[in-house]
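In: Turn this into a structure:
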Amino acid sequence: MASPFKIRYRTANLVRRLFSKRFLKFGTVGASGTLVNIGVLYFAQEFLFNTVHTPEIRLNLSLALAIFLATLNNFFWNRLWTWADRKQYHHLSVPAQFGQYTLACGVSIILQIIFTNLLAPHFYYQIANLIAIGLTSVVNFLLNDIWTFGRAKRAAAVPVKPD
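Out: Just a heads-up that it's a prediction; the model follows:
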């Protein structure tokens, strides 16, 4: 069992990371991804898949397209801006790293779909989707900070300084 000091240290470290400059960049990129997500969701729901008569299927097709395009947008902006200082720790090709990013985001994507579907009967579908995005963003940041963009690799190579 961890000592109270270690628990407090880990909690303080987590809070510090969540209020870092990097998390603000991540949030900015996430906001752009949210705009992509909401825009594509609306376009797909109202125009692209409007001939699909089952509302649940139409919503899920629209969500799949919106989430994919938002994930692609976020990966490239996070790679180019949020974690630009860690390029030397990217040992994978861009497609392979996108695969890793997508796997890391997979938890958030699954949760976003679940939360959106749970909330859509009670809220307008775009409001339900915005709530779901907010709930899953912290998990997404931590997984990508640790795994995709090399915090774990960086920690093995050099001492970690606050971001």
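In: Please enumerate the helices of the chain.
Out: Counting by DSSP state H, one finds helices in the chain at the ranges 4-18, 21-43, 55-77, 94-119, 125-143, 151-157.
In: Show me what the second one is packed up against.
Out: The criterion is 3 or more C-beta pairs under 8 Å, 6 or more residues apart in numbering; DSSP states H and E, and the helices and strands that helix 21-43 contacts are helix 55-77, helix 125-143. Placement of C-beta: from N, CA and C, glycine included.
In: Just the pLDDT at residue 28, thanks.
Out: Listed pLDDT for residue 28 reads 95.
In: ok, it to residue 45 distance?
Out: Look at residue 28 and residue 45: by C-beta to C-beta, to the nearest Å, they are 26 Å apart.
In: Compare those two and say which is more crowded by neighbours.
Out: residue 45 (21 against 13; other C-beta atoms under 10 Å).
In: and the more buried one, what does it touch?
Out: Each residue near residue 45 by C-beta atoms under 8 Å, 6 or more residues apart in numbering is listed here: 58, 59, 62, 125.
In: so which of the residues you listed is the most crowded?
Out: Sorting these by how many neighbours each has (other C-beta under 10 Å) puts residue 62 first, at 24 neighbours.
In: Give the full set of residues in contact with it.
Out: If you count contacts by C-beta under 8 Å, 6+ apart, then residue 62 has 40, 41, 44, 45, 48, 49 around it.
In: Reformat the helices of the chain as CSV; add distance to residue 87.
Out: Below are the helices of the chain laid out as CSV (distance: least, C-beta to C-beta, whole Å):
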stretch, distance to residue 87
helix 4-18, 20
helix 21-43, 14
helix 55-77, 13
helix 94-119, 11
helix 125-143, 19
helix 151-157, 11
